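Colleague: Compute the structure for the input listed below.
(3 chains)
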Amino acid sequence: MLRNPQLNAKGELQHLLSVEGLPRELLVQILDTAESFAGVTERDIKKVPLLRGKSVFNLFFEGSTRTRTTFEIAAKRLSADVINLNVAVSSTSKGESLLDTVANLSAMQADIFVVRHGSSGAPYLIARHVKPHEHVINAGDGRHAHPTQGLLDLFTIRHYKKDFSRLTVAVVGDVLHSRVARSLIHGLTTLGAPEVRVIGPQTLIPAGAAALGVRVCHSMKEGLKDADVVVMLRLQNERMSGTLLPSAQEFNKHYGLTADKLALAKADAIVMHPGPMNRGVEIDSNVADGPHSVILPQVTFGIAVRMAVMSMVAGGG
Amino acid sequence: MLRNPQLNAKGELQHLLSVEGLPRELLVQILDTAESFAGVTERDIKKVPLLRGKSVFNLFFEGSTRTRTTFEIAAKRLSADVINLNVAVSSTSKGESLLDTVANLSAMQADIFVVRHGSSGAPYLIARHVKPHEHVINAGDGRHAHPTQGLLDLFTIRHYKKDFSRLTVAVVGDVLHSRVARSLIHGLTTLGAPEVRVIGPQTLIPAGAAALGVRVCHSMKEGLKDADVVVMLRLQNERMSGTLLPSAQEFNKHYGLTADKLALAKADAIVMHPGPMNRGVEIDSNVADGPHSVILPQVTFGIAVRMAVMSMVAGGG
Amino acid sequence: MLRNPQLNAKGELQHLLSVEGLPRELLVQILDTAESFAGVTERDIKKVPLLRGKSVFNLFFEGSTRTRTTFEIAAKRLSADVINLNVAVSSTSKGESLLDTVANLSAMQADIFVVRHGSSGAPYLIARHVKPHEHVINAGDGRHAHPTQGLLDLFTIRHYKKDFSRLTVAVVGDVLHSRVARSLIHGLTTLGAPEVRVIGPQTLIPAGAAALGVRVCHSMKEGLKDADVVVMLRLQNERMSGTLLPSAQEFNKHYGLTADKLALAKADAIVMHPGPMNRGVEIDSNVADGPHSVILPQVTFGIAVRMAVMSMVAGGG
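Modeller: Presented below is the predicted three-dimensional model:
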């Protein structure tokens, strides 16, 4: 049997590559550790010395200021030195390979590589080649995974709903192209959520969705009924017209979250979105800014979750 | 009566949005605080722990490396964590609104937003939507205001001239398009400078200039006579030809500061410029680098002023 | 006699502009100091407080993420505050001159300027205009010099070979356009290496090479024979075809380092390359990744060398 590439020989977190494949105990440990950091970010001095003298490289092969910023803040609040590398415009343009780039940075004595790459699997490739004391955190690889987003979603759900064992979670929209959905669904299944539904037009639901243990719904009426948690996905601009969808307006009519549709869910349902939102497309503003929305707390918890993952992989030394 | 959006309920500085509307005592308090920081930047270890553990976001919706750098240095010398966000190329390109961008960063537990934006009023809009413990500093909004530049100009004048109550200050050039001029003129008036003159061709002087309490002069001979302080404004490249001005040469001939024209001012007059200078256009090199010039001290004082403003809004907690 | 622009009145290192002109004792002092920092970068907390409260400006007039990163890491491990300035897209685009840009940054109380510029001599020009307590480190100027690369090459050779006095060093490839080669050759000569060979096609060897005290070889067979150290230079993409070289393939056939050609050198020869490598052009992958290669240790030592230079110029205060 192949060893889980995310764990070291003692079964501890070595890299964070995807939520898929994380044992239940480790998932819970990450969420518990994040809980302890959630307090830090509320304090007046939002800093702990856990990663003092460590070097975190934000290695972004595709741009994402928002995600890069959350990792940068998390690392600085752990007192790490942070180096931002926008590699798209850098040495790879001199024809250097991905592994040569990483080997070079590794030779500069890195501790953590936060990697975002357009190709699925790139962080796995890097993780296989770094030294034992170095750690890779996947910040989004192609359509494959975006585990810290999945983890912060799980943290948010646990924060508001306490217990996964009775939850109905509805994930709505472009499930097919969403690495967020994939990470989240795996986490929910692992933590024992009994009913996970995916809702969207047939063209945006992956063919094998049912095999993931989720219930596929093609109407909001069916999918939102008595849901505890509604997770709206971002509709990428490039999907809004063309072969997969007739138009953004049409999508909004059928799958956009309005106050009316939300009324189908439980009275205390929470509404989540990974951001950035297309207001008026997948979500109406009165819902996004309304009492059920926990979209901004998700962002806050995201910092704590990234601090947790970084300190778990590299804070021990 | 509307509350001053820059002050908290106790009348302390909550945001810095424009020099206009700052009470005289607060202006003096900023200058006095900056005085104390001017010493820090001369020391061997140029760092104080006033903002340790605080997060400063440099939120630049239009590029300005020079201004961004001064805020970054000021924040780091206060021991803050600084995150640079060049938002032009970031999430707004995904169609996210200004307020959603700010709400997101705010959810990451920001303490100070340093905002530069092409639209007048953008920092006011942001200030209205942030949480009570968050602070907005305007680093330039459209043609409206650039208050830290105005404050460093006032600091420089006070440093060299001690007392505003007998000063004649001449502001020369493109007053119409200058946010620097606007901030400075308000500050000078508030601090009691008895004579502020604006000098430039009719096309570059705002129609209502006289209403601001300044004297409008269309010749350097009239405007510089016995001036204590000469503030040259930068002539934007796009004004140098076309409908507002015949040419850069023509401007230089009439309004460029030469040694000859400077001789009209007092013997101990100081010459200021916000930078970057167009040497040979609005100012001759022998004046820019001459004994009356305090252009580089302005830059030095600018760091102290920004440290003062940041520590006043966020250093108390 | 003109004073050496790199030294202060006491003969200490004031700026690092080129390896050429550094006295032997100073070269040795830099290497010895780097030795002491090599240990720091191996530690768990890779930080020393030597430059705490100092401001290091990475002033890059041409892009080089790799070089900028090494200086940024070195400065942060010395606890300095680092400001990255990509000046190509900044104030010089407003027409400000190089010296005005530097004068401005200097007014912000800089301690070290790390300068990369496309024009040979730019760091010298800057060094002549900064204040006595400010220091300039050349991070590459045109085709002229890249002294920290030269120093890290020397450090690497000393690390593996201990003593320069019996060494045969072969420098292979585009010597004509390489600032790396120039710095290295001067250093080797100064430290007493008895035989330095340059190997390459006539079009890529400078006309006056022999005058530098090196032996010019036009075949690898002659040049690599019994060499202790083989330094491969990067072949710039723009040279790979056209008037100077028939093609990359042709170059590889004659001057690319293969295992076969390397067998001509001593059994314990080391192979170096400044990176980024063109695998299959100037060096084959099995050599680059083979047992003779010290290419990644070069990168590691580069951090220690940059820490040494920065602490020597600015750490005393």
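
Colleague: Which residue would be the closest one in the stretch 101-250 of chain A to chain B?
Modeller: A:N237 (7.0 Å; Cβ to the nearest Cβ). C-beta: built from backbone N, CA, C; applies to glycine.

Colleague: number of nearby residues for that residue?
Modeller: 12 (other Cβ atoms under 10 Å in any protein chain shown).

Colleague: State the mean pLDDT of whichever strand or helix holds A:L154.
Modeller: In this assignment (DSSP states H and E), A:L154 forms part of helix A:147-161. For helix A:147-161, mean pLDDT rounds to 97.

Colleague: repeat for stretch A:128-139
Modeller: Per-residue scores along stretch A:128-139 average to 95.

Colleague: Got phi/psi on A:T168?
Modeller: When read as degrees, to the nearest 10, the backbone of A:T168 gives phi -110, psi 120.

Colleague: if you skip the residues just before and after it, what's nearest to it?
Modeller: The spatial neighbour of A:T168 that comes closest, neighbours along the chain excluded (Cβ to Cβ, 6 or more residues apart in numbering or on different chains), is A:E195 at 4.4 Å.

Colleague: gap between the one you found and chain C?
Modeller: Per Cβ to the nearest Cβ, to the nearest Å, A:E195 is found 46 Å from chain C.

Colleague: Local confidence estimate at A:G315?
Modeller: A:G315 is given a pLDDT of 83.

Colleague: circling back: check which helices and strands the helix holding A:L154 sits against.
Modeller: With contacts defined as 3 or more Cβ pairs under 8 Å, 6 or more residues apart in numbering or on different chains; DSSP states H and E, helix A:147-161 has these neighbours: helix A:24-40, strand A:135-141, helix A:179-190, strand A:229-232, strand A:270-272, helix A:295-314.

Colleague: switch the cut-off to 7 Å
Modeller: Contacts defined by 3 or more Cβ pairs under 7 Å, 6 or more residues apart in numbering or on different chains; DSSP states H and E place helix A:147-161 against helix A:24-40, helix A:179-190, strand A:229-232, strand A:270-272, helix A:295-314.

Colleague: buried residues in that helix?
Modeller: A:147-159, A:161 (16 or more other Cβ atoms under 10 Å in any protein chain shown).

Colleague: can you check stretch A:260-270 too?
Modeller: A:261-262, A:264-265, A:269-270.

Colleague: hang on, the earlier thing: based on its surroundings, how many neighbours for the residue nearest to A:T168?
Modeller: Around A:E195 there are 16 residues (other Cβ under 10 Å).

Colleague: And for A:V287?
Modeller: With other Cβ under 10 Å as criterion, A:V287 counts 23.

Colleague: hey, where'd the helices end up in chain A?
Modeller: Using DSSP state H, the helices found in chain A span residues A:24-40, A:65-77, A:98-107, A:122-129, A:147-161, A:179-190, A:220-224, A:248-255, A:259-262, A:285-288, A:295-314.

Colleague: Keeping just the C-alphas, turn the fifth one into PDB.
Modeller: The one in question is helix A:147-161. The C-alpha trace of helix A:147-161 is given here as PDB (Å, rounded to 0.1, in the frame of the first residue of the first chain):
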ATOM      1  CA  PRO A 147      -8.100  22.200   0.800                       C
ATOM      2  CA  THR A 148      -7.800  25.200   3.100                       C
ATOM      3  CA  GLN A 149     -11.000  26.500   1.600                       C
ATOM      4  CA  GLY A 150     -12.700  23.200   2.300                       C
ATOM      5  CA  LEU A 151     -11.300  23.200   5.800                       C
ATOM      6  CA  LEU A 152     -12.500  26.700   6.600                       C
ATOM      7  CA  ASP A 153     -16.000  25.700   5.200                       C
ATOM      8  CA  LEU A 154     -16.000  22.700   7.600                       C
ATOM      9  CA  PHE A 155     -14.800  25.000  10.500                       C
ATOM     10  CA  THR A 156     -17.600  27.400   9.700                       C
ATOM     11  CA  ILE A 157     -20.200  24.700   9.700                       C
ATOM     12  CA  ARG A 158     -19.000  23.200  12.900                       C
ATOM     13  CA  HIS A 159     -18.800  26.600  14.500                       C
ATOM     14  CA  TYR A 160     -22.500  27.300  13.800                       C
ATOM     15  CA  LYS A 161     -24.000  23.800  13.900                       C
END
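
Colleague: And the contacts of it?
Modeller: Contact partners of helix A:147-161, identified using Cβ atoms under 7 Å, 6 or more residues apart in numbering or on different chains, comprise A:16-19, A:30-31, A:34, A:138-139, A:167, A:180, A:183-184, A:187, A:191, A:228-229, A:231, A:270, A:272, A:274, A:294, A:297-298, A:301-302, A:305-306, A:309.

Colleague: Help me confirm that A:A269 comes into contact with A:L224.
Modeller: No. Applying Cβ atoms under 7 Å, one finds A:A269 not in contact with A:L224, separated by 8.3 Å.

Colleague: what touches both of the two?
Modeller: By Cβ under 7 Å, 6+ apart, the residues touching both A:A269 and A:L224 are A:V230.

Colleague: got the helices of chain A as TSV, with distance to C:L85 columns?
Modeller: Shown next, in TSV, are the helices of chain A (distance: least, Cβ to Cβ, whole Å):
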stretch	distance to C:L85
helix A:24-40	32
helix A:65-77	18
helix A:98-107	22
helix A:122-129	29
helix A:147-161	31
helix A:179-190	35
helix A:220-224	51
helix A:248-255	41
helix A:259-262	49
helix A:285-288	38
helix A:295-314	28
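
Colleague: C:A288: which of those is closest?
Modeller: When the helices of chain A are compared for distance to C:A288 using Cβ to Cβ, the nearest one is helix A:98-107, at 8.7 Å.

Colleague: In CSV, list the C-alpha atoms belonging to that closest one.
Modeller: What follows is helix A:98-107, C-alpha atoms only, in CSV (Å, rounded to 0.1, in the frame of the first residue of the first chain):
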residue,chain,number,x,y,z
LEU,A,98,8.9,23.7,-11.9
LEU,A,99,11.1,21.3,-10.1
ASP,A,100,14.3,23.3,-10.7
THR,A,101,12.4,26.4,-9.4
VAL,A,102,11.4,24.5,-6.2
ALA,A,103,14.8,22.9,-5.7
ASN,A,104,16.3,26.4,-5.8
LEU,A,105,14.0,27.8,-3.3
SER,A,106,14.4,24.7,-1.1
ALA,A,107,18.2,25.4,-1.2
